[in-house]
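Participant: Fold the following for me, if possible:
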Amino acid sequence: PAVYEAFGLTVVEAMTCGLPTFATCYGGPAEIIEHGKSGFHVDPYHPDNAAELMANSFEKCKTNPGYWDEISAGGLRRIHERFLV
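Facilitator: Reported below is the predicted structural model:
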């Protein structure tokens, strides 16, 4: 994905596959993802913060294996609520 995307099809595709998704906090992805519930917003202008967020999320998955499933389910729920009729 780009820094700014009008919609963010790759974000929707990733979430539809059940992947916990990290995407830019600008444009379409900012509206698609509920930060911490259905994925994560990263600010591409602050890569250190983005790297820390990703590392912390992976560490949380390591210590709490259900966390991956929780974010994955949140992403699927968000897609079904917003984009599927």
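Participant: Can you show me the helices along this protein?
Facilitator: Listed in chain order, the helices of the chain (DSSP state H) span 9-16, 28-32, 47-63, 66-83.
Participant: Output those helices as a markdown table; include the columns mean neighbour count and distance to S38.
Facilitator: Heads up, the C-betas are built off the backbone N, CA and C, glycines and all. Shown next, in a markdown table, are the helices of the chain (neighbours: other C-beta atoms under 10 Å; distance: least, C-beta to C-beta, whole Å):
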| stretch | mean neighbour count | distance to S38 |
| --- | --- | --- |
| helix 9-16 | 18 | 7 |
| helix 28-32 | 19 | 8 |
| helix 47-63 | 12 | 13 |
| helix 66-83 | 16 | 4 |
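Participant: Tell me which of the ones you listed sits nearest to H41.
Facilitator: Of all the helices of the chain, helix 28-32 sits nearest to H41, with 6.2 Å by C-beta to C-beta.
Participant: Figure out which of the helices of the chain is closest to G39.
Facilitator: helix 66-83 (5.5 Å).
Participant: angle of the closest one against helix 47-63?
Facilitator: 120 degrees (axes from the mean of the first three to the mean of the last three C-alpha atoms, to 10 degrees).
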